[in-house]
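Student: Show me how the following folds:
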Amino acid sequence: MKKKILGIILTMLIATQMTMAAPFNGNAKTKRIPAGTKLELKMLNNVSTAFNAPGTSFSAVLMTDQTSDDDVILPSGSIIRGDVKAVTEPKRMSKGAVLYLNFDHVVTPNGRQIPLTLNVIGRSDLTYDGGITTTKGYADAWKQTCAKSGNITTKSIEWGKNVTDTGWQYVVVPFAAIGGAIGTAGYFVYGSVADLIKKGAHVYINQNDKLEVILIDPIDVPVI
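Tutor: The predicted structure follows:
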């Protein structure tokens, strides 16, 4: 009797899986989201090159409604799932790690899982092949060092101006500028040498970080 009940349960589970995996009925009503559509996602998990290996799954949530003919066919809050496609470790000469994300499918309001292909866009830290990095090598790191060293002088002068509201600021500001210039030169030399020796940084994408992505292929969403 127990074997018979177990067999019935197993049959029902298999039938349910086949139903979920079955292709859309030819008469099913669908609406298309065209290729090139830009989406904004919010990450639901932390993803990092320091801790996550290829194959690690993650989820994100759609931030805006997707409409067609004034109908919402993919509402905000829809879940998009994916995994870490590949990871490149950081290297010497400040070459940062690279994180490649694979977006696999979106879960529609009626529970369908529709495959999709998305690419991350709108970031200055993207590699030529679509990965997310920190620094692309020594030249990139050196530019960042130049920017940081320049800020030392600027902040020193601002401090001199704000240190007092009396006439003493006319004496303090020049000395602050000289001190800032010395600090700038020292930081620049140290930073430039360090950029040659050190490894680049890891990539960290945190929970609640927003990503802008673009749809590579159109998707047809079944509507009720």
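Student: who's in contact with Asp125?
Tutor: Going by C-beta atoms under 8 Å, 6 or more residues apart in numbering, Asp125 touches 132-134. Bear in mind the C-beta positions are built from the backbone N, C-alpha and C, glycine included.
Student: Relative to Ala60, how far out is it?
Tutor: According to C-beta to C-beta, to the nearest Å, Asp125 stands 18 Å off from Ala60.
Student: For the contacts of Asp125, which entry has the maximal number of neighbours?
Tutor: Across the contacts of Asp125, the neighbour count under other C-beta atoms under 10 Å reaches its highest value at Thr133, namely 23 neighbours.
Student: for that residue, which residues make a bridge with it?
Tutor: Val98 (DSSP bridges).
Student: cool, and Ser68?
Tutor: Residues in beta-bridge contact with Ser68 (DSSP bridges): Asp71.
Student: what's the answer for Gln113, then?
Tutor: For Gln113, the residues forming beta bridges with it (DSSP bridges) are Val107.
Student: so what pLDDT did it get?
Tutor: Looking at Gln113, its pLDDT reads 93.
Student: my read: it touches Val107, true?
Tutor: Yes - look at Gln113 against Val107 with C-beta atoms under 8 Å: they come within range, at 5.7 Å.
Student: low-scoring stretches of the protein, by residue?
Tutor: Across the chain, the ranges flagged by pLDDT under 70 are 1-28, 92-94, 136-198, 224.
Student: For it, just list every one of the helices.
Tutor: 2-21, 138-162, 169-197 (DSSP state H).
Student: what's near enough to touch the closest residue to Pro109 other than its chain neighbours?
Tutor: Sequence neighbours aside, Pro75 is the residue nearest to Pro109 in space, at 6.4 Å (criterion: C-beta to C-beta, 6 or more residues apart in numbering). Taking C-beta under 8 Å, 6+ apart as the contact definition, Pro75 lies against 62, 65-66, 109.
Student: ok, Leu39 - how many residues close by?
Tutor: When counting by other C-beta under 10 Å, one arrives at 23 neighbours for Leu39.
Student: out of everything not next to it in sequence, what's closest to it?
Tutor: Distance criterion C-beta to C-beta, 6+ apart; nearest residue to Leu39, sequence neighbours excluded, is Val213 at 5.2 Å.
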